[in-house]
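1. with the sequence up front, the predicted model follows.
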Amino acid sequence: MEKERLVCDTSIFTNPDVYAQFGDSPSAAFKNFLLIVSEVEGEVSVYIPTSIYEELKRMISDLRIPPKARSVLKIKSPKKYELYIPAFLMYEFIEDLRARINKGLRVAEEAVKTALQKKPEEALKFLRRRYREVLREGIVDSKEDLELILLALELDGIVVSADQGVLKMADKLGLRFLDPKEIRDTIEGFKSWYSA
């Protein structure tokens, strides 16, 4: 059977709803995730794009790779000059981005109206929250997100992320991905599958 490649995102170690499967803090979750995968060593490996690994090191100050798990973790950037993304995806991305920009404009207009009614602090809070929702949620919005997708495409890997934009793009490209709330169960399933 072919070795499985899990291509991991920062979100599985920093989102409390997801990392709780592996530990009570991001650093404990990272360590325990790698230790659990190492129990299926030889059959499952973990890939993290360099940009995401650097992001993890900034977000988790005590990030450590357990010695037992070093052979399963691979830090690798995708081959950006050799990979191609279907044109339909770019068309959809541009259409989605234009719609989001228009929604962002409407959110800004609403915030200005609120500010003119002598409620500037309320308007700013509303603007920040709603602007982020309409422009960033559910879309690939960083080079780290794109590198995750590209690396999974290159390796025919399984995308492991809690970011809805990443999962949406993975699905459009026909990539395999894990439900964020079932990551541990899936890895445990690999253990029983490969030990049988």
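-> Here it is on my side, so go on.

2. next one: Ser27 from Arg106, what distance?
-> 41 Å (C-beta to C-beta, to the nearest Å). For the C-beta atoms, the positions are set from N, CA and C on the backbone; glycine is no exception.

3. likewise Ser38?
-> 49 Å.

4. and Ala152, by the same measure?
-> For Ala152, the distance to Arg106 - C-beta to C-beta - is 34 Å.

5. that older thread, between Ser27 and Arg106, which one's more packed in?
-> Ser27 (18 against 11; other C-beta atoms under 10 Å).

6. so the more buried one sits against Pro66, correct?
-> No - with contact defined as C-beta atoms under 8 Å, Ser27 does not count as touching Pro66 (11.2 Å).

7. so Asn140 is in contact with Ala170, correct?
-> Quick fix: residue 140 reads Val, not Asn. No - judged on C-beta under 8 Å, Val140 makes no contact with Ala170 at a distance of 9.5 Å.

8. show me where the protein has its helices.
-> Using DSSP state H, the helices of the chain run over 11-14, 16-19, 26-38, 50-59, 87-116, 120-136, 143-155, 164-172, 183-195.

9. packing partners for the last one?
-> If I follow you right, that is helix 183-195. Counting by 3 or more C-beta pairs under 8 Å, 6 or more residues apart in numbering; DSSP states H and E, the packing neighbours recorded for helix 183-195 are helix 26-38, strand 44-48.

10. so who does the closest residue to Leu146 other than its chain neighbours touch?
-> Distances taken as C-beta to C-beta, 6 or more residues apart in numbering place Val140 nearest to Leu146, at 5.8 Å, with adjacent residues excluded. Val140 sits next to Phe93, Leu146, Ile149, Gly165, Val166, Met169 when contact means C-beta atoms under 8 Å, 6 or more residues apart in numbering.

11. buried only: go through those for me.
-> If you count burial by 16 or more other C-beta atoms under 10 Å, the buried members of the contacts of Val140 come out as Leu146, Ile149, Gly165, Val166, Met169.

12. list the buried residues for the worst-scoring helix or strand of the chain on mean pLDDT?
-> Least confident helix or strand of the chain, by mean pLDDT, DSSP states H and E, is helix 120-136 with a mean of 77. Counting neighbours by 16+ other C-beta under 10 Å, one finds that the buried residues in helix 120-136 are Ala123, Phe126, Leu127, Arg130, Tyr131, Val134.
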